[in-house]
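Visitor: only geometry, no sequence info:
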């Protein structure tokens, strides 16, 4: 062990000199040690841990330690940790891509100018992490939601194929429900939002480019009404969390669900005979929801060059190929689309295929977390529990506009 | 006739209470041995149709389990001991020594009881950083080494001990230290034992505090370490329930062996 | 009849005058030293890790506080003013008070009933008491999770049993009109054994002579209960009421795990609201203002309880 380290000391010094690194470069023989905080608990943890192992094995001059803790804990500690110049060198501050702005308020993020060719990364993510033409985070992962369907329930109801249009989607959901089965397992809180997809399918949206709510437009109200009618008819449950909605599908009590790649392994283990299909095409063409977790570096890290090298490696081809095969997540890069290994993997291919049409939830909207918790989630909760859609939409719009400041404009 | 009715009503109600108290635990422990498919196929069953150890195996494989267990014992054990010492000293001062400011101190103690921890979380985190105590045992232990609840409870107990006892000792020339150590503490043993059990239980179960103070896996306590299995996306019931069962087990064992202090202990000493 | 009252009604006045008693100042300072020394370790810890941080948070609450920002925007009392106009705050206040009132009354009521029902020292009673106490030893977060699984309308144990008997699924945690009652139920379930044990301790401490005297006067069981037991265990009742009230007003883990304040804010307590503002929306100043309002409410209610139970009598 020691032999290896000392043998490679020369290499690390050379690397530092070549990088033109400043006085912060370590003069000792030891490799640079970086700490990374992530919130990747649960079943998806293994794929990330394997990435760290692969990085450390291929880099003798940089060694990264990943400390996994619940997202909540990161939200409690990281803002003060980074603002006071302590804490990890690298972190995924939240699963919400909009968090980047909050950390920029306190100048906590390192400007990323040396993380490779960012034009090859998922554009939606890069847009979300770029503020004033400067990149402050790279995507730690990207995912899309696709339509999971229970094959035995489908054949039991005499339906051959998963729905391909929004009209078929609604018809199938209604036809498949009854007798303790719901057609579509929807979650409305503590989840990656599914309702925006339903809105987009109908040509609706939540806010416009100025941050003004469009929830109360006639088109939105009509589109939502058609889904609310399905919920009222018992085709979808009310008020579930993401985990509860997953359990319903795992239990074979839901015929369809909109979910990300992470769910596949659990459903297979629970013995469900399921397929993954593209989200049915909406009135404006194909669309689905994408999600991405930002990974950023501390503005006060002592090793900015090494931190960026790690981020470049993480989003590089080798790492992304390995991670996609490991986890089923699509790669964060666009240049792996034709990779034969990835194309052969049905799950990866399916979720990756949806990337170009994926949209992020409330991306770039001022106060997005507050809109989610205080306006959008309660709004969906109200309309699925019997409130008049138009009235609730008007009230939610007023709240959203107050948060974004649109009403002042 | 009516007393007979009352007596049977009483036992029916108590019986319902016992069932309500036990069913969640039976379900939890049984659930830790059930596969997802088994759990969902027959939700009305309390016990598995087939048993699986998968939940326990993943915990054993993916966590430095013994290290977490050791940390939990160090954190809960050392903190409990310090807490008993400091709480009883403070309670002694408040109950048995008349001094200027004792009323103020008492109110200060009571007031700290009323502060929800979430309020002080960020300032405390920043303090621990300045002390260099993050991710250390002292950081875990020292801030928790006294409790307003313990001081309040022991003070109430000490007040009930007859004053003649320490007056007699004082005539023999004993100082406060000796009275505290040789008279009051021995008399308060049952109360201290009960308090020890309550403290140990709360510290063992504490989740938020160890998560705030520690960040590396080697410093985690058992409940904090087990949070690695509750995911944002994927929830594996068997693993979660296995984790819950494992962290309950030491307390449950302690409860069976030290029941006297949990239940009968308080009852025989009386809390006055 | 009542030992505390009969022997100690005059004590408040005496007690109140004691610190200012007519001793010489230097001697008094010296006499105070042992008291301060004994109290020092606890007091230092409490000051450093609770009192100072809470004053910090008072300072935050007067600003639009952003962690680590170079300068904080002074708001004065604006955060508090904003609270008054925030319907979510009034909702959280209502939920918190309702939750606390109902939980504490049920915990103490049922706890007292169980304590008297299981008072005799038979092995059978001891087993029952242990079982009732058992839920106390589990972490709230764990037990909240278990109850959430149990109560699931479609795939939980309770849901399964309901379906077995042909009932419609009951959405205990998804229905806004049931969610708060469900959370209160779990909170009572968890704490009733604790209340029982402490009250039992108090009841056991009542001297038999009091009961004998009352029985000689011809009192029946109910009268013994009302006129002997309850007044005699007033210090214990005070302790248990105060602790349970303080804990209920600060309820967080249970709600967070079971409903996270939902559905439609039906279980949103002051602490879950504060948590959301502080750690989801990063409005630390506003969150601190909520915290201080809660702190003041707890202090007022505790003072009220101390008065109601005539705390000074107990000394």
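Guide: Looks like it came in fine. In this text, all values refer to a predicted model and were calculated from it rather than measured experimentally.

Visitor: Just give the nearest non-adjacent residue to the residue of the stretch 1-150 of chain A found nearest chain B, would you?
Guide: The nearest approach of the stretch 1-150 of chain A to chain B comes at residue A:42, 1.4 Å away (CB to the nearest CB). Quick note: C-beta positions are derived from backbone N, CA and C, even for glycine. Closest residue to residue A:42 apart from its sequence neighbours, by CB to CB, 6 or more residues apart in numbering or on different chains: residue B:231 at 1.4 Å.

Visitor: in the chain, what secondary structure element scores lowest on mean pLDDT?
Guide: If you meant another chain, say so; for now it's chain A. Lowest on mean pLDDT, DSSP states H and E among the helices and strands of chain A sits helix A:2-18, with a mean of 42.

Visitor: neighbouring strands for the helix or strand following that one, and are they parallel or not?
Guide: For helix A:2-18, the following helix or strand on the C-terminal side (DSSP states H and E) is strand A:32-38. Strands that pair with strand A:32-38, judged by DSSP bridges, come out as strand A:62-68 (parallel), strand A:90-91 (parallel).

Visitor: what's the closest of those strands to residue C:114?
Guide: strand A:62-68 (43.1 Å; CB to CB).

Visitor: which one of the strands paired with strand A:32-38 is the most hemmed in?
Guide: strand A:90-91 (a mean of 27; mean count of other CB atoms under 10 Å in any protein chain shown).

Visitor: The following helix or strand past it and chain C in contact?
Guide: Moving toward the C-terminus from strand A:90-91, the next helix or strand (DSSP H and E) is helix A:99-105. Yes. Helix A:99-105 reaches chain C (CB under 8 Å from any CB of the partner chain) through A:102, A:105.

Visitor: quick check: mean pLDDT across the helix or strand that helix A:99-105 is followed by?
Guide: Note on helix A:99-105: by DSSP H and E, the next helix or strand toward the C-terminus is helix A:123-129. Average pLDDT, helix A:123-129: 92.

Visitor: likewise stretch A:333-341?
Guide: 88.

Visitor: Buried residues in it, which are they?
Guide: By neighbour count with 16 or more other CB atoms under 10 Å in any protein chain shown, stretch A:333-341 contains the buried residues A:333, A:336, A:339.

Visitor: Repeat that for stretch C:219-236.
Guide: C:219, C:224, C:227, C:228, C:229, C:231, C:232, C:233, C:234, C:235, C:236.

Visitor: same check, this time on stretch C:46-62
Guide: C:46, C:49, C:50, C:51, C:53, C:54, C:56, C:57, C:60, C:61, C:62.

Visitor: now stretch B:178-197
Guide: Buried, per 16+ other CB under 10 Å, within stretch B:178-197: B:179-180, B:183-185, B:187-188, B:190-197.

Visitor: Would you pull up how far that stretch lies from the middle of the chain?
Guide: 19 Å (CA atoms, centre = their mean, to the nearest Å).

Visitor: so does it get close to chain C?
Guide: Yes. Applying CB under 8 Å from any CB, one finds stretch B:178-197 touching chain C at residue B:180.

Visitor: Is residue A:297 part of a helix or strand, or is it coil?
Guide: Following DSSP: H, G, I helix; E, B strand; the rest coil, residue A:297 is assigned to strand.

Visitor: Tell me how many other residues crowd it.
Guide: The local packing of residue A:297 (other CB atoms under 10 Å in any protein chain shown) involves 29 other residues.

Visitor: what about chain C, any weak spots by pLDDT?
Guide: Within chain C, the segments meeting pLDDT under 70 span C:1-31, C:310-315.

Visitor: Might you name the residue of it sitting closest to chain A?
Guide: Closest point on chain C to chain A, by CB to the nearest CB, is residue C:68, at 2.0 Å.

Visitor: from memory that residue sits against residue A:81, does it?
Guide: No. Residue C:68 lies out of contact with residue A:81 (CB atoms under 8 Å); the separation is 9.3 Å.

Visitor: Just the terminal-to-terminal distance for stretch C:242-261.
Guide: Terminal residues of stretch C:242-261 lie 24 Å apart, using CA to CA, to the nearest Å.

Visitor: quick check, it touching chain B?
Guide: Yes. Using CB under 8 Å from any CB, stretch C:242-261 reaches chain B at C:243, C:246, C:250, C:252, C:253.

Visitor: For residue B:68, state which of the residues you listed is nearest.
Guide: residue C:253 (20.2 Å).

Visitor: Count the neighbours of that closest one for me.
Guide: 18.

Visitor: State the phi and psi torsions of it.
Guide: phi -50, psi -50 (degrees, to the nearest 10).

Visitor: what's residue 97 sitting at in phi/psi?
Guide: This is for chain A. Torsion angles, degrees, to the nearest 10, at residue A:97: phi -60, psi -20.

Visitor: dump the residue contacts of it.
Guide: Shown in contact with residue A:97 (CB atoms under 8 Å, 6 or more residues apart in numbering or on different chains): A:125, A:128, A:129, A:291, A:292, A:293, A:294, A:360, A:363.

Visitor: Pick out the residue of the stretch 101-250 of chain A closest to chain B.
Guide: residue A:243 (4.5 Å).

Visitor: Surely residue A:222 touches residue A:202?
Guide: Yes. Residue A:222 is within contact range of residue A:202, at 7.5 Å (criterion: CB under 8 Å).

Visitor: where's residue C:200, which helix or strand?
Guide: Using DSSP H and E, residue C:200 falls in helix C:176-204.

Visitor: what about that helix, near chain A?
Guide: Yes. Helix C:176-204 lies within reach of chain A by CB under 8 Å from any CB, at residue C:176.

Visitor: and that helix, how far out from the chain's middle?
Guide: For helix C:176-204, the distance to the chain centre is 11 Å (CA atoms, centre = their mean).

Visitor: Buried residues, that helix. List them.
Guide: C:176, C:178-180, C:182-204.

Visitor: same deal with stretch B:152-171?
Guide: So for stretch B:152-171, counting by 16+ other CB under 10 Å, buried means B:152, B:153, B:154, B:155, B:156, B:157, B:158, B:159, B:160, B:161, B:166, B:169.

Visitor: Ok, stretch A:40-55 next?
Guide: A:40, A:41, A:42, A:43, A:44, A:45, A:47, A:48, A:51, A:52, A:54, A:55.

Visitor: With mean pLDDT added, can I get the strands paired with strand A:32-38 in a markdown table?
Guide: Putting the strands paired with strand A:32-38 into a markdown table (pLDDT from 0 to 100) gives the following:
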| stretch | mean pLDDT |
| --- | --- |
| strand A:62-68 | 95 |
| strand A:90-91 | 97 |
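
Visitor: export these to JSON lines and tack on distance to residue C:148?
Guide: Listed next are these as JSON lines, based on distance: least, CB to CB, whole Å:
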{"stretch": "strand A:62-68", "distance to residue C:148": "24"}
{"stretch": "strand A:90-91", "distance to residue C:148": "30"}
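
Visitor: Cheers, nothing more for now.
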